[in-house]
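**Q** No letters, just coordinates:
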Ligand code: C2E
Ligand code: MG
Ligand code: MG
């Protein structure tokens, strides 16, 4: 039997051979889990390869010691692991809850080695069917699921289903459209107004992108952000949006119009670049736009890892004069302690969190309390997804500062936006 010399786990070939034998010899249910350590290359680069190796050994120890009913563990290459786990039945919720619990244990164990980073395991799972004997195909499916979940910190793991194959095909369609987009002008920037609760007047807007396919159909972000994040191309998109916004603000200034603050979304992928702050500042200087007219939105889940590095970059951006906001607060495992350490000016409450909270009395109290706390520490609060007058009245009563939602407007093309909201 061949073992991986670093971790002492099985090699891929032995895993496949032994998994086949285990499954045939027993009349039990099994799953294959494929895992990798999120942004492992980043640990190697920042802490050195020795620390990277130690993290891999920690992960191997974790798999050996903490996964009950793990029949086999393998490190196939780099930071990629495989497990064969015996299960009582294929109850997805139970598996997901168990993965959730185990991931917090793993974070503690692996995180000790790399202070400032809290490594996230990406996990894909395939439930092996009763007549499934093709282990290589099962591993492939677990890996497809693993890759689909990468970068989404709200998901403990992804369980393989045929539906994932549709999403994979979607990526194959999106990338060529994006690659041609710069020459075909296939990226559109839309703006959605933010309305002051006090004056009911527009005080800002968020820039949101759309792609246009060759037939002229508008593709929403939900269909392309994932694919662009996986390939790193999201960085180009965000810089395109930022330069578009800078040009527009410059135009307003030249026309003698006092600009409103425009926010744009910055994907987590940017934080792996050492020149992020410099790149943003250079762009803004190129168009001679005062940074106070720009706000940077960073989704809450970005802060679940590499906190120190991200916080220091956000501090630099704030010192330069940008406003910084935490987006989609309340959508994942957010905690109030996060708000305590984040260098932000604005908290944007997630639209689903707002919607769900407003449904029940307890939820209402939760929102009221949260908004109170945020007000006390002098953070600006934006409620997203407000669609009705009733919702507006409630969140305004709780003390929210601004509203962004369909009640006032959907994101609209910039020319329409200028006609409606910007006057000389
Ligand atoms: P987000 O940054 O949280 O943007 C707000 C989203 O909520 C927008 O969806 C907006 O249309 C939607 N929304 C606002 N009010 C309402 C409402 O009252 N009801 C409902 N149902 N929805 C409302 P959109 O434009 O589809 O964008 C989705 C997400 O995609 C954004 O969420 C953002 O995370 C991401 N995104 C969009 N454009 C970009 C971009 O250029 N770069 C990056 N990195 N991410 C982007
Ligand atoms: Mg946003
Ligand atoms: Mg949001």
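**A** Structure received. Bear in mind that the values here come from a model prediction, so they are computed numbers and not experimental data. Ligands and ions are numbered 1, 2, ... in the order given.
**Q** Name the next helix or strand following the helix or strand of the chain with the lowest mean pLDDT along the chain.
**A** Lowest mean confidence among the helices and strands of the chain (mean pLDDT, DSSP states H and E): helix 162-184, at a mean of 75. Later in the chain than helix 162-184, the nearest helix or strand by DSSP states H and E is strand 187-196.
**Q** hmm, the following helix or strand past that following strand touching ligand 1?
**A** Using DSSP H and E, the next helix or strand after strand 187-196 towards the C-terminus is strand 202-212. Yes. Using CB under 6 Å from any ligand atom, strand 202-212 reaches ligand 1 at 208-209. All C-beta atoms are positioned from the backbone trio N, CA, C, and that covers glycine.
**Q** pLDDT of the very next helix or strand once past strand 202-212, averaged?
**A** Downstream of strand 202-212, the next assigned helix or strand under DSSP H and E is strand 218-219. What strand 218-219 shows for mean pLDDT is 90.
**Q** List the neighbouring strands of strand 218-219 plus their orientation.
**A** Using DSSP bridges, the strands paired with strand 218-219 are strand 202-212 (antiparallel).
**Q** Contacts only, for the residue in the stretch 301-424 of the chain that ligand 2 sits nearest to.
**A** Closest contact between the stretch 301-424 of the chain and ligand 2, by CB to the ion, is at residue 327 (4.2 Å). Residues near residue 327 by CB atoms under 8 Å, 6 or more residues apart in numbering: 265, 297-300, 348, 350.
**Q** redo that, cut-off 6 Å
**A** Going by CB atoms under 6 Å, 6 or more residues apart in numbering, residue 327 touches 297, 299, 348.
**Q** That one is in what secondary structure piece?
**A** Counting by DSSP H and E, the element that carries residue 327 is strand 323-329.
**Q** what secondary structure does residue 14 sit in?
**A** helix (DSSP: H, G, I helix; E, B strand; the rest coil).
**Q** give me every residue that touches it.
**A** 1-2.
**Q** how close does it sit to ligand 3?
**A** Residue 14 sits 46 Å away from ligand 3, going by CB to the ion, to the nearest Å.
**Q** gap between that residue and residue 157?
**A** As judged by CB to CB, to the nearest Å, residue 14 and residue 157 stand 24 Å apart.
**Q** again with residue 116
**A** Plainly put, residue 116 is 25 Å away from residue 157 if you go by CB to CB.
**Q** Output the contacts of residue 327 as JSON lines; include the columns neighbour count and secondary structure.
**A** Shown next, in JSON lines, are the contacts of residue 327 (neighbours: other CB atoms under 10 Å; DSSP: H, G, I helix; E, B strand; the rest coil):
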{"residue": "297", "neighbour count": "20", "secondary structure": "strand"}
{"residue": "299", "neighbour count": "22", "secondary structure": "strand"}
{"residue": "348", "neighbour count": "27", "secondary structure": "strand"}
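**Q** May I see these organised as TSV, with distance to ligand 2 and pLDDT added?
**A** As requested, the contacts of residue 327 are exported to TSV (distance: CB to the ion, whole Å; pLDDT from 0 to 100):
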residue	distance to ligand 2	pLDDT
297	4	97
299	7	91
348	7	97
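**Q** okay if I get these as JSON lines plus distance to residue 407?
**A** What follows is those, written out as JSON lines (distance: CB to CB, whole Å):
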{"residue": "297", "distance to residue 407": "20"}
{"residue": "299", "distance to residue 407": "23"}
{"residue": "348", "distance to residue 407": "16"}
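**Q** Same list, those residues, but as TSV with distance to ligand 1 please.
**A** Compiled in TSV, the contacts of residue 327 are given as follows (distance: CB to the nearest ligand atom, whole Å):
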residue	distance to ligand 1
297	6
299	6
348	7
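**Q** Nearest to ligand 3 among those residues?
**A** residue 348 (5.2 Å).
**Q** give me every residue that touches the residue nearest to the closest one when sequence neighbours are not counted.
**A** Leaving aside its sequence neighbours, residue 348 sits nearest to residue 382 (CB to CB, 6 or more residues apart in numbering; 4.5 Å). By CB under 6 Å, 6+ apart, residue 382 lies in contact with 348, 402, 404.
**Q** Distance of the last one relative to residue 392?
**A** Put plainly, it is residue 404. Per CB to CB, residue 404 is found 11 Å from residue 392.
**Q** who in this protein is up against ligand 2?
**A** Applying CB under 5 Å from the ion, we find that the chain lies next to ligand 2 at 265, 297, 327.
**Q** now the first one, which residues is it bridged with?
**A** Legend: beta-bridge partners of residue 265 under DSSP bridges are residue 297.
**Q** Check the gap between it and residue 325 for me.
**A** 10 Å.
**Q** what does the second one give?
**A** Separation of residue 297 from residue 325 (CB to CB): 5 Å.
**Q** re earlier: which one of residue 404 and residue 392 has more residues nearby?
**A** Set residue 404 next to residue 392 and count neighbours by other CB atoms under 10 Å: residue 404 wins out with 24 against 20.
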